[in-house]
Every structure is written in C-alpha cells, then in structure tokens.
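> mind looking at a prediction? Sequence and model below.
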Amino acid sequence: MVYAKVVIHIKYLTEEYWNGLIRMSLSRFFILRVLCCRSLHGYEIAKEVSALTEGCCAPTEGSLYPVLHEFEQKGLVTSQIQTVGNRERKVYTLTDKGIQAYQTATRAWGKAAQYILKEVNDNSIDQV
C-alpha cells in the first residue's frame, strides 16, 4: 500500500501525466473537429489531429477506434467501407448530431480554455 501512494504522488509531478490527461480529454474534441471538414478513414483522422495539434493530441490506434466506435453507436458518425486497391478501409462521416456535438464541445472547451489561460497567466510559477 505504501508503494501505491508513492507512485500516485510521483505521477502528479510529471508532465507525462498531465499531457496524457490533456490528450485523453481533447482527442475526442479534435476527432470531431477534423471530421467536420470531410469524411476520413482512421489513419487520416489520427494524422490530421496530430497535424492540427502539432502532435499534442495525436490519438493512438488503441484510443482512436474505441472513440470512433462509441461515436458511431451514439449516432455522431456513420461509417462506410471503401475498397482501395486490395485493401478495405472504414471511412467515417460526421452526422448532423455529430455536428451539434462538435458545436457544443466548442462552446464548452472555449469556456474552459478561458479559465485555464487566466489561471496560467495570473498564477505563473514565480508567484506560487
């Protein structure tokens, strides 16, 4: 039990922990964002999210497909199998409900970003 407490305290002191938390939270937002522009297959989604966020929120294959599956189950995206050469790939398209979800997420993240930026600017590390 003591070991678990030490590990928990150490993780809060690493940027990896905070970057992972940010990535996990924002990747859903950016997946919706890139699908607002056009229909994409999984690799393209990951690549465009990575480019848009300069690698900050690049979803891995292991995190992307469960989110896309959930979005499809909830009616935020539809998918269609396309065959290119000998390979099949699933192309995802945002639905009207997905567009509404993206608009809602944009408002919510916009408000949160204001508070975060204010806190970061008002309480720089020099003032703590």
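Received, thanks. Residues are numbered from 1 along each chain as shown.

> tell me the mean pLDDT over the strand or helix carrying residue 19?
Using DSSP states H and E, residue 19 sits in helix 15-37. Average pLDDT, helix 15-37: 89.

> output the contacting helices and strands for that helix.
Contact partners of helix 15-37 among helices and strands, from 3 or more C-beta pairs under 8 Å, 6 or more residues apart in numbering; DSSP states H and E: helix 42-52, helix 61-73, strand 87-94, helix 96-122. C-beta: built from backbone N, CA, C; applies to glycine.

> now do that helix: distance to the chain's middle.
Between the centre of helix 15-37 and the centre of its host chain there is 2 Å, according to C-alpha atoms, centre = their mean, to the nearest Å.

> report the buried residues of that helix.
Residues of helix 15-37 classed as buried: 23, 26, 27, 28, 29, 30, 31, 32, 33, 34, 35 (neighbour count, 16 or more other C-beta atoms under 10 Å).

> residue contacts, the nearest residue to the first one once chain neighbours are set aside?
Going back to what we said before, that points to residue 23. What sits nearest to residue 23 in space, not counting adjacent residues and going by C-beta to C-beta, 6 or more residues apart in numbering, is residue 57, at 5.1 Å. Residue 57 makes contact with 22, 23, 26, 27, 30, 49, 50 under the criterion C-beta atoms under 8 Å, 6 or more residues apart in numbering.
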